[in-house]
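[1] fold the following and give me the result.
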Amino acid sequence: MGSDLYRVKVAAKQDRTVTLRVEVVHPDSNYISDNESFALMLLLEGTSGTQGAPLAQEMSFQDSLDRGWLELYTRGFIEKVAKQVESGNPDGQTKEEWLKASVSITVTDAAWISHLVVGAEFDSRAFDVAYDFRECAPIRPGQVDPNAPVPEAFVSAPGALWENSGLPPVVRLAAYSASAYRSPKLRKGTFQAADLKELDGQVVVYQGPYDDSLQVGHLSIQGDSVKFFSASEGGSGSSSSSSFEGSVGLAELIPGKRLGSKLKVSSLLRNLKPELRSAQVEGDSATFRIGLPPGNESFGSLTPEQTRTLGFHLLIAPLQPREYGAQKLFTPSPLTWTLEREVLKRFPAENRQISQYINGQMVPAGDTMPDESSLAERMTAGIVAKAEIVSGAALAAGDLDALDEAGQRKALSAAWPELVVKVTPLHPAYLEHLKNPFPPSPLPQWFNDPAAWEGEVPAPATGPTGFGKTTPPPPAAQSSAPASAPTSSGGGNSNKVLKIVGIGCGVIVALTLLCLVLGALAGGK
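    Below you'll find the model as predicted:
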């Protein structure tokens with residue numbers, strides 16, 4: 001999640017005009033705009049926490065980020081925007097110098113500001129999304145053109161977009177944002193997985209108890225879990241629960257609804273990671289087979305040095321831990337032990353240590369591998385002698401966006417094209433772990449040049465290094481009870497007796513010394 005940029009207060013409201021007092025709260029956004037898309041986003045953000053706001057029903061947050069949609073329809077909502085700077089300046093360096101302004105927004109229909117109450121406040125992350133706005137007739141709540149053609153409502157996408165999701169290879173997604181869909185059979189209640197079985201694998205509209213408006217997503221029933229999956233050109237997301245409370249129903253496009261940009265399958269594929277499928281050791285080298293998502297071109301223009309970094313990632317991919325956890329430890333092998341030894345030498349503690357709350361304080365709780373990109377950049381030159389792409393370098397992107405949903409499903413269901421890469425490490429011992437089968441492993445898509453190696457190239461380690469193990473500190477010592485505190489029944493009287501005895505002994509010693517001194521004086525006379 002990003003940081004809030006503004007604090008907004010509803011200062012005044014009359015008829016179709018609302019005045020918002022906008023205050024900059026983040027140094028990276030010391031500007032306040034009178035751009036119409038900025039103003040529309042402010043109004044939409046003001047619907048957060050409300051139920052049934054007409055603006056939230058008419059457009060979605062995805063619409064407010066869709067430049068094409070905004071260029072077509074913003075003038076249908078916003079009649080004019082005026083800004084008056086109250087204090088601060090664009091070059092302000094301190095909080096007191098950041099901008100504060102009043103932004104007056106006049107809308108085409110009072111419904112678009114009906115959710116705003118004078119005195120209400122909310123946070124904003126608004127920004128200018130579009131600039132070239134077309135003329136648009138005033139838009140009224142619920143207004144559609146029932147005679148408009150209805151385009152295809154869905155697209156196909158790879159289930160692998162969501163890692164470890166349990167989805168099939170190809171799933172159906174909404175082609176447009178949530179505001180374009182409805183459900184003729186929307187049901188409201190609390191639903192267990194079995195209650196929604198007939199919607200499994202379908203695109204649904206849904207609204208949970210904390211959603212401001214209807215959402216749209218792919219519904220998947222997995223065992224006793226209800227899961228929703230969504231995607232946009234900006235990324236993908238999911239939610240899961242043992243039951244679902246709210247409204248849910250099969251999604252269909254609203255006839256005549258204003259539509260923004262259609263979701264591009266090609267943009268989704270850019271977020272899909274390549275997959276290491278297998279490795280075969282041949283002498284002092286290993287040949288790796290990589291499955292590439294359809295249309296993926298990220299390996300098509302690698303330099304020789306970047307290919308060498310790819311080779312390092314291929315060597316360590318089968319060693320990566322499979323379980324999720326705070327401590328990242330590789331599977332034992334000569335390569336693992338060598339990396340552990342070199343990491344201890346070459347990375348400062350803050351880049352390789354995890355901490356744990358022990359005995360009331362945060363203390364080191366073991367070493368963990370640095371992040372994969374840093375590890376590859378620093379270690380490739382000491383591990384990999386060379387790497388080369390054997391076949392599959394030329395990868396042409398198919399025009400999946402031009403296909404209908406059935407054509408997309410067919411293309412995505414086909415076997416992924418493969419890239420073959422040959423890697424030669426500096427020592428054959430670094431190939432030992434590849435002689436055993438391993439499950440498919442995700443790979444990065446982009447690679448930097450490796451850093452130059454400093455010092456002698458390391459020889460392979462031959463045994464465990466103790467990496468990852470840190471002895472926690474002993475428990476904090478318990479404080480002793482004060483001498484005057486009773487430790488058992490009658491302890492208070494015992495202490496008093498000891499004090500009396502001590503005083504008596506002191507008096508006897510003093511009298512004895514006095515007698516000795518007097519005797520010595522008498523003898524001297």
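
[2] so where's the stretch 1-150 of the chain uncertain?
    Scanning the stretch 1-150 of the chain for pLDDT under 70 picks out the ranges 1-2, 146-147.

[3] what ranges do the strands span in it?
    6-14, 17-24, 78-87, 100-107, 121-124 (DSSP state E, counting those that start in this stretch).

[4] so can I have CSV of those strands showing distance to Phe38?
    C-beta: built from backbone N, CA, C; applies to glycine. Formatted as CSV, the strands of the stretch 1-150 of the chain follow (distance: least, CB to CB, whole Å):
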stretch, distance to Phe38
strand 6-14, 10
strand 17-24, 10
strand 78-87, 8
strand 100-107, 8
strand 121-124, 9
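
[5] specify the stretch among those that is closest to Leu196.
    When the strands of the stretch 1-150 of the chain are compared by CB to CB, strand 121-124 sits nearest Leu196, at 33.3 Å.

[6] how about Gly234: what's its closest non-neighbour residue?
    In space, and not counting its chain neighbours, Gly234 is closest to Leu65: 7.4 Å by CB to CB, 6 or more residues apart in numbering.

[7] pull the number of nearby residues for the one you found.
    Here the number of neighbours of Leu65 (other CB atoms under 10 Å) works out to 20.

[8] quick one: closest of the strands of the stretch 1-150 of the chain to Ser230.
    Closest of those to Ser230 is strand 121-124, at 22.9 Å (criterion: CB to CB).

[9] list the buried residues for that closest one?
    The neighbour-count check on strand 121-124 (16 or more other CB atoms under 10 Å) flags 122, 124 as buried.

[10] quick one: strands adjacent to the following helix or strand past that strand?
    With elements assigned by DSSP states H and E, the helix or strand that comes after strand 121-124 is strand 154-158. Here strand 154-158 is paired, per DSSP bridges, with strand 170-174 (antiparallel).

[11] can I get the partner strand in PDB, CA atoms only?
    Provided in PDB are the C-alpha atoms of strand 170-174 (Å, rounded to 0.1, in the frame of the first residue of the first chain):
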ATOM      1  CA  VAL A 170      -6.600 -21.100 -17.300                       C
ATOM      2  CA  VAL A 171      -9.300 -19.100 -15.600                       C
ATOM      3  CA  ARG A 172     -11.900 -16.600 -16.600                       C
ATOM      4  CA  LEU A 173     -11.700 -13.000 -15.500                       C
ATOM      5  CA  ALA A 174     -13.800  -9.900 -16.000                       C
END
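
[12] tell me the gap between it and the middle of its chain.
    Relative to the chain's own centre, strand 170-174 is displaced by 22 Å; criterion: CA atoms, centre = their mean, to the nearest Å.

[13] residues in contact with it: which ones?
    Outside strand 170-174, the residues that touch it by CB atoms under 8 Å, 6 or more residues apart in numbering are 153-159, 180-181, 201-203, 216-218, 229-231, 251, 263, 405, 409, 412-413.

[14] at 7 Å what do you get?
    Identification of contacts with strand 170-174 by CB atoms under 7 Å, 6 or more residues apart in numbering yields 154-159, 181, 202-203, 216, 218, 231, 251, 263, 409, 412-413.

[15] repeat for stretch 365-375
    327-328, 330, 343, 347, 351-356, 444, 467-470, 472.

[16] buried only: go through these for me.
    By 16+ other CB under 10 Å, those give 328, 330, 343, 347, 352, 467-468 as buried.

[17] so of those, which ones are in helices?
    Judged by DSSP state H, the buried ones among the contacts of stretch 365-375 include Val343 as members of helices.

[18] dump the buried ones among the contacts of stretch 365-375 to a markdown table, plus pLDDT.
    As requested, these are exported to a markdown table (pLDDT from 0 to 100):
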| residue | pLDDT |
| --- | --- |
| Lys328 | 85 |
| Phe330 | 93 |
| Val343 | 94 |
| Phe347 | 92 |
| Arg352 | 83 |
| Phe467 | 88 |
| Gly468 | 82 |
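
[19] farthest-apart pair in the buried ones among the contacts of stretch 365-375, please.
    Across those (CB to CB), the longest gap, 14.5 Å, separates Phe330 and Phe347.

[20] what residue ranges in the stretch 251-400 of the chain score low on pLDDT?
    Those would be 324-326, 357-358, 393-398, if you go by pLDDT under 70 across the stretch 251-400 of the chain.

[21] show me the strands in it, by range?
    Under DSSP E, counting those that start in this stretch, the stretch 251-400 of the chain gives strands at 252-253, 275-282, 285-291, 353-358, 361-367, 384-391.

[22] burial measure for the closest residue to Gly249 other than its chain neighbours, as a count.
    For Gly249, ignoring the flanking residues on the chain, the nearest one in space by CB to CB, 6+ apart is Ser183 at 3.0 Å. Number of residues near Ser183 (other CB under 10 Å) recorded here: 18.

[23] distance check, Ser183 against Asp195.
    According to CB to CB, to the nearest Å, Ser183 and Asp195 sit 15 Å apart.

[24] again, but for Ala101
    As defined by CB to CB, Ala101 lies at a distance of 50 Å from Asp195.

[25] which one of the two has more residues nearby?
    Applying other CB under 10 Å to Ala101 and Asp195 shows that Ala101 carries more neighbours, namely 20 against 16.

[26] residues contacting the more buried one?
    By CB under 7 Å, 6+ apart, the residues touching Ala101 are 22, 32, 83-86.

[27] identify the bridge partners of it.
    Beta bridges link Ala101 to Val22, Val85 when assigned by DSSP bridges.

[28] check the one 4 residues further on too.
    According to DSSP bridges, the partner residues bridging Ile105 are Val18, Val81.

[29] quick one: contacts for it?
    By CB under 7 Å, 6+ apart, Ile105 lies in contact with 17-18, 20, 39, 43, 78, 81.

[30] right, and the pair among these with maximum separation?
    Farthest-apart pair in these is Leu20 and Ile78; separation 13.0 Å (CB to CB).

[31] comparing those two, which residue is more hemmed in?
    Legend: neighbour count by other CB under 10 Å for Leu20 and Ile78, higher for Leu20 (27 against 22).

[32] measure that one to His115 for me?
    For Leu20, the distance to His115 - CB to CB - is 13 Å.

[33] quick one: the helices in the stretch 351-500 of the chain?
    With helices called from DSSP state H, counting those that start in this stretch, the stretch 351-500 of the chain shows them at 372-383, 405-413, 491-524.

[34] hey, least reliable of those by pLDDT?
    Mean pLDDT is lowest for helix 491-524 among those, at a mean of 41.

[35] residues of the helix or strand containing Val216 that come out buried?
    Using DSSP H and E, Val216 sits within strand 215-222. By 16+ other CB under 10 Å, the buried positions in strand 215-222 come out as 215-221.

[36] that one pairs with which strands?
    Partner strands and pairing direction for strand 215-222 (DSSP bridges) are strand 203-207 (antiparallel), strand 225-232 (antiparallel).

[37] right, so those strands: which one is the most enclosed?
    Neighbour counts averaged per stretch over those are highest for strand 203-207, at a mean of 22; criterion: mean count of other CB atoms under 10 Å.

[38] what about it, average pLDDT?
    Confidence over strand 203-207, taken as the mean pLDDT, stands at 96.

[39] Ala56 contacts Gln215, correct?
    No - judged on CB atoms under 7 Å, Ala56 makes no contact with Gln215 at a distance of 11.3 Å.

[40] for burial, what's the neighbour tally of the residue lying closest to Val390 once chain neighbours are set aside?
    Using CB to CB, 6+ apart and skipping residues adjacent in sequence, the residue nearest Val390 is Val420, 4.2 Å away. Residues lying near Val420 (other CB under 10 Å) number 14.
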